[in-house]
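Novice: got a sequence here, can you model it:
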Amino acid sequence: MTQTTLLAVNGTLMRGLELNPNLVNVGGTFVREDRTDAHYRVWSINDCHPGMLRVAEGGNHVALEVWALPLDAFATVLANEPAGLSIGKIKLEDGTEMLGVLAEPWLVEGQREITAYGGWRTYTGHHYNP
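Specialist: Here you go, the predicted structure:
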């Protein structure tokens, strides 16, 4: 039996987007759409992918997807993420926490803040239609 962990993703790893095959090809399975609690800010990193940080004040809810990922594939997914993205704990709207993709602070310096859009899909207009 393969052990899995839940991973919250908020950018190009989401269904139908550029890096989603990185999850699918290692056996990841989509669980649900969700949102963070209201303590996150998001930036567009050169319009290639988002960078999300948790903040004490001035944040908002951010749309994300929750995926079940085999533990033995976790390092493969992380190794294929763009530089400046890392794994940390993300607090969801319902108060639970899980692993998720966050930005290192240096990555968002000088980038366009897109927090008001509520997520990468809304900012880019790439809506998923299965």
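
Novice: which other helices and strands contact the helix or strand of the chain with the lowest mean pLDDT?
Specialist: Sorting the helices and strands of the chain by mean pLDDT, DSSP states H and E puts helix 74-79 at the bottom, at a mean of 88. With contacts taken as 3 or more Cβ pairs under 8 Å, 6 or more residues apart in numbering; DSSP states H and E, helix 74-79 sits against strand 4-9, helix 21-24. For every residue, glycine as well, the C-beta is placed using N, CA and C.

Novice: and the first one, C-alpha only, in CSV?
Specialist: As requested, C-alpha coordinates have been extracted for strand 4-9 and formatted as CSV (Å, rounded to 0.1, in the frame of the first residue of the first chain):
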residue,chain,number,x,y,z
THR,A,4,0.2,9.5,0.5
THR,A,5,0.2,13.0,1.8
LEU,A,6,-2.1,16.0,0.9
LEU,A,7,-0.4,18.9,-0.9
ALA,A,8,-2.1,22.3,-1.5
VAL,A,9,-1.1,23.9,-4.8
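
Novice: residues making contact with that strand?
Specialist: 23, 28, 31, 34, 36, 64-71, 74, 77, 87, 90, 92, 98-101 (Cβ atoms under 8 Å, 6 or more residues apart in numbering).

Novice: give the partner strands of that strand in its sheet and their orientations.
Specialist: Strand 4-9 sits in its sheet next to strand 63-70 (antiparallel), strand 97-103 (parallel), going by DSSP bridges.

Novice: can you give the contact residues for the last one?
Specialist: The set of residues external to strand 97-103 that reach it, using Cβ under 8 Å, 6+ apart, is 5-11, 13, 43, 45, 50-54, 64, 66, 81, 84-92.
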